[in-house]
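**Q** okay, sequence plus prediction incoming.
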Amino acid sequence: ARMREILCASVRLFADETSMPVLDPGRGKTKKGFAWAIARDDRPWGGTDPPAVVFHYAPGRGAEHARDLLAGYSGLLQCDGYTAYKSLAVPKDGSEGPTLVYCWAHVRREFFDIAKDGTAPIAQEALQRIAALYAVEDTIRGKPPDLRRTIRQARSRPLVEDLFAWLEQQLGRLPGASPTAQAIRYALNHRDGLEQFLADGRADIDSNVVERAIRPLVLSRK
């Protein structure tokens, strides 16, 4: 509880959740539970607060569990596009919510799965365009926030704008139910949050920090 209190005073947090088997006494089998995690790692922008992660068990994946874990938090929240996190941005009590920064690694993953067999040129080009954004990030890791924002505005923003314009063009060429069209719509539907990293040098381009934190749970889940 104290670690959660400390982390919720941070300017930027990462959040994610994953399923986990839970003993169900008397039934001779397990039931599904969820480990929710919030993590902090400010080293990419030169922050001095120590890295930390807090895990919270919940019996489900509903938005109420995200609200319990992040009650009162109003900083940058790096996450995927799951609706539970979207609900935090507009708290029911009218208070100020977090600024959602969506994860480019999730967008990249959508296209990567399609491009694996080498027969999806649109998905392959999308990966190349996203790789160009990550190449910029490689040059600013550990730099001060103002410098990170300045370089992103100069180099990354044009790449992002071109990428979204190109995605909209490609969407009109594809069958609506195709996997590539679905991947494109995911990116377009989350555009505001995906562009948020451009506006604040303390933000990261993805939420891999918390995904690394929950990896031991995922690897041992079976």
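**A** Yes, it's here.

**Q** apart from its chain neighbours, what residue comes closest to Cys8?
**A** In space, and not counting its chain neighbours, Cys8 is closest to Tyr73: 4.8 Å by CB to CB, 6 or more residues apart in numbering. The way it works is simple: take the backbone N, C-alpha and C, and place the C-beta from them, glycine included.

**Q** which residues does the one you found contact?
**A** Residues counted as contacts of Tyr73 (CB atoms under 8 Å, 6 or more residues apart in numbering) are Cys8, Leu13, Leu88, Gly97, Pro98.

**Q** next, count neighbours for the second one.
**A** What that stands for is Leu13. When neighbours are defined as other CB atoms under 10 Å, Leu13 has 26 of them.

**Q** can you tell me the helix or strand for it?
**A** Assessed by DSSP states H and E, Leu13 sits inside strand 12-24.

**Q** same question for that strand, mean pLDDT?
**A** In this model, strand 12-24 has an average pLDDT of 93.

**Q** how close does Gly72 get to Thr18?
**A** 24 Å (CB to CB, to the nearest Å).

**Q** the two - which one has more neighbours?
**A** Thr18 (16 against 13).

**Q** got the phi/psi numbers for the nearest residue to that one once chain neighbours are set aside?
**A** Nearest residue to Thr18 in three dimensions, chain neighbours excluded: Ile214, at 5.1 Å (CB to CB, 6+ apart). With angles defined as degrees, to the nearest 10, Ile214 sits at phi -90, psi 0.

**Q** again with Asp204
**A** Main-chain torsions, Asp204, degrees, to the nearest 10: phi -100, psi 170.

**Q** which residues touch it?
**A** Shown in contact with Asp204 (CB under 8 Å, 6+ apart): Pro44, Gln78, Val101, Glu137, Phe197.

**Q** need those residues in TSV (columns: secondary structure).
**A** What follows is the contacts of Asp204, written out as TSV (DSSP: H, G, I helix; E, B strand; the rest coil):
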residue	secondary structure
Pro44	helix
Gln78	strand
Val101	strand
Glu137	helix
Phe197	helix
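
**Q** what kind of secondary structure is the residue lying farthest from the centre of the chain in?
**A** Relative to the mean C-alpha coordinate of the chain, counting by CA atoms, centre = their mean, the farthest residue is Gly26 (37.9 Å). Assigned with three-state DSSP, Gly26 falls in the coil class.

**Q** any stretches of this structure with poor pLDDT?
**A** In the predicted model, the chain carries pLDDT under 70 at residues 92-94, 221-222.

**Q** for it, which segments count as helices?
**A** For the chain, the helices defined by DSSP state H occupy 2-7, 63-69, 83-86, 104-115, 121-140, 145-151, 157-171, 179-189, 191-195, 208-219.

**Q** packing partners of the second one?
**A** Taking 3 or more CB pairs under 8 Å, 6 or more residues apart in numbering; DSSP states H and E as contact, the helices and strands that helix 63-69 lies on are strand 12-24, strand 29-40, strand 52-58, helix 83-86.

**Q** how about Phe112, nearest residue that isn't a chain neighbour?
**A** Nearest one to Phe112, counting by CB to CB, 6+ apart, is Leu127 at 6.3 Å.

**Q** and Leu69, how far from Gly75?
**A** The spacing between Leu69 and Gly75, counted by CB to CB, is 14 Å.
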